[in-house]
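Enquirer: generate coordinates for the sequence data below:
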Amino acid sequence: STKEERVAASTVLDAGLLPSTADEESYVTTMQEALYCAILITYAQALSLLDKLSAERNYNLDLAAVASLWRAGCIIRAGFLDDISKALQEQPDKSNLLLCEPFRTEVANRLPSLRKVVIAATQHGIPVPAFTSALQYYDAYRTATLPANIIQGLRDCFGAHTYKRTDRPGSFHTEW
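Expert: All right, here's what the predicted structure looks like:
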C-alpha cells in the first residue's frame, strides 16, 4: 500500500484547487443525476464486456437473463435491473445498453450532470475514478475517431514504425 507515502505527499504537494462556485442545494440534484448516469453507463460497459466474452468463447449468454440474475442476487439488486432486462429483451438488435431506450435518453438527460461533477471534483482535487471512468467509457463509445493514432505517431518518432493517416490511405513515416 502507498498509504504512508500518500500521507507524507499530502503535506507537501499543492493541489492547485479552484474556488467553489456551486450552489449546494442544486448540487445535490446534480450529484444524484450524475451518480445514476454513471451507474447506467457502468452497467452498459459490464454487459458489453460480457457480450464480447460470450461471443469469443461461445457462451451464448442471454444478457437480459444476466440482468435478471443480478437483480435476484445478494449484492447488486438494483431495482432498475428489471428495466434493463426488459429493454434488452425488447431491443435485441441493439449492441449496447446505451443504445436502448429508455436508457439512451436517460443517460443523455443526465450526462451534463456527470460532466459537471467530474469537472468540479477535478477542480477541487477530489479523485472520483468511478465517475471519470464511466464518462471516459461513454465518450470513447460515442466517438467515431479516437486519439489512439497519436501512439502510432510516437512509435514512428522513436522507432520509424510508420503511421496511418485519417485523410488518405497508406502508411507514412516522418523525419521528426
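
Enquirer: what's the spacing between Val107 and Thr2?
Expert: Separation of Val107 from Thr2 (CB to CB, to the nearest Å): 34 Å. For the C-beta atoms, the positions are set from N, CA and C on the backbone; glycine is no exception.

Enquirer: more neighbours, these two?
Expert: The residue with more neighbours, out of Val107 and Thr2, is Val107; 20 against 8, by other CB atoms under 10 Å.

Enquirer: surely that one and Tyr137 touch.
Expert: No. Between Val107 and Tyr137 there is no contact under CB atoms under 8 Å: 11.2 Å.

Enquirer: common neighbours of those two, please.
Expert: Residues touching both Val107 and Tyr137 by CB atoms under 8 Å, 6 or more residues apart in numbering: Ile41.

Enquirer: show me where pLDDT drops low in the chain?
Expert: Low-confidence segments of the chain, defined by pLDDT under 70: 17-18, 21-22, 74-75.

Enquirer: beyond the lengthiest helix in it, next helix or strand please.
Expert: Ranked by residue count and defined by DSSP state H, the top helix of the chain is helix 24-57. Using DSSP states H and E, the helix or strand that follows helix 24-57 in sequence is helix 63-72.

Enquirer: show me what counts as buried in that next one.
Expert: The neighbour-count check on helix 63-72 (16 or more other CB atoms under 10 Å) flags Leu63, Ala64, Val66, Ala67, Ser68, Trp70, Arg71 as buried.

Enquirer: got it, and stretch 159-174?
Expert: Residues Tyr163 are the ones in stretch 159-174 that count as buried (16+ other CB under 10 Å).

Enquirer: what's the offset of it from the middle of its chain?
Expert: In terms of CA atoms, centre = their mean, to the nearest Å, the centre of stretch 159-174 is set 29 Å apart from its chain centre.

Enquirer: over to stretch 92-101?
Expert: Taking CA atoms, centre = their mean, one finds stretch 92-101 lying 16 Å from the centre of the chain it belongs to.

Enquirer: how long is that stretch from one end to the other?
Expert: Stretch 92-101 has an end-to-end distance of 12 Å (criterion: CA to CA, to the nearest Å).
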